[in-house]
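1. any chance you could fold what I've pasted below:
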Amino acid sequence: MKLEFLDDLTDGGKYVNVVSERLIRIYDFDERQALSLKEVIEKELLGRQKEISFSSLDFVELLNCNLTLKLSSIDRGITMADNGDFECFLTDAAYKEMTYLIEPFCVGESPGYQWLYQIDCPIDLLFSPGGTW
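-> Take a look at the predicted model:
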């Protein structure tokens, strides 16, 4: 499983019909890794209410960023904390929805992708085995 931040998908305005201008993508994973991520979110974040840093997950390769999942009273999505460090602030309900969206990738290879939240914020979160959308 790889984690990568993609900035300016419009290529300086060259492409106007892009789905998202900036995103963090979780990609290049198999069903075992998808299940591991789902279980960490359920057990640590939702169960123990402990934030999850992707840098602490031994099945994740950080390419150019780190992402920390944090519980929040409101859904704010992903914000940039510092150079290459991002934080995702979602409610308990939004993280439960996220685990539901990850579920199909845990039971077999899925050729599709999933946006892990639908919030109006500058950075989207993509879950895609092939890295595409």
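2. this protein: helices as residue ranges?
-> 31-40, 92-102 (DSSP state H).
3. let me have these in JSON lines, extended by distance to residue 83, mean neighbour count and mean pLDDT.
-> All C-beta spots, glycine's among them, are computed from the backbone N, C-alpha and C. Output for these, formatted as JSON lines (distance: least, CB to CB, whole Å; neighbours: other CB atoms under 10 Å; pLDDT from 0 to 100):
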{"stretch": "helix 31-40", "distance to residue 83": "24", "mean neighbour count": "18", "mean pLDDT": "97"}
{"stretch": "helix 92-102", "distance to residue 83": "26", "mean neighbour count": "17", "mean pLDDT": "97"}
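4. residue 28 versus residue 104, what's the distance?
-> 17 Å (CB to CB, to the nearest Å).
5. one more: residue 96?
-> As judged by CB to CB, residue 96 and residue 28 stand 25 Å apart.
6. re earlier: name the residue in residue 104 and residue 28 with the higher neighbour count.
-> Remark: of residue 104 and residue 28, residue 28 carries more neighbours, 16 against 13, as counted by other CB atoms under 10 Å.
7. find the nearest non-adjacent residue to that one, please.
-> Using CB to CB, 6 or more residues apart in numbering and skipping the chain neighbours, the partner closest in space to residue 28 is residue 2 (4.5 Å).
8. mind showing which ranges of this structure have poor pLDDT?
-> Along the chain, the parts satisfying pLDDT under 70 run over 8-20, 109.
9. show me where it has its strands.
-> Under the criterion DSSP state E, strands of the chain are mapped to 2-6, 23-27, 52-53, 61-62, 66-71, 77-82, 85-90, 114-115, 124-128.
10. export these to TSV and tack on mean neighbour count and distance to residue 44?
-> What follows is the strands of the chain, written out as TSV (neighbours: other CB atoms under 10 Å; distance: least, CB to CB, whole Å):
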stretch	mean neighbour count	distance to residue 44
strand 2-6	18	17
strand 23-27	21	16
strand 52-53	18	6
strand 61-62	14	18
strand 66-71	19	9
strand 77-82	16	19
strand 85-90	21	14
strand 114-115	18	21
strand 124-128	21	18
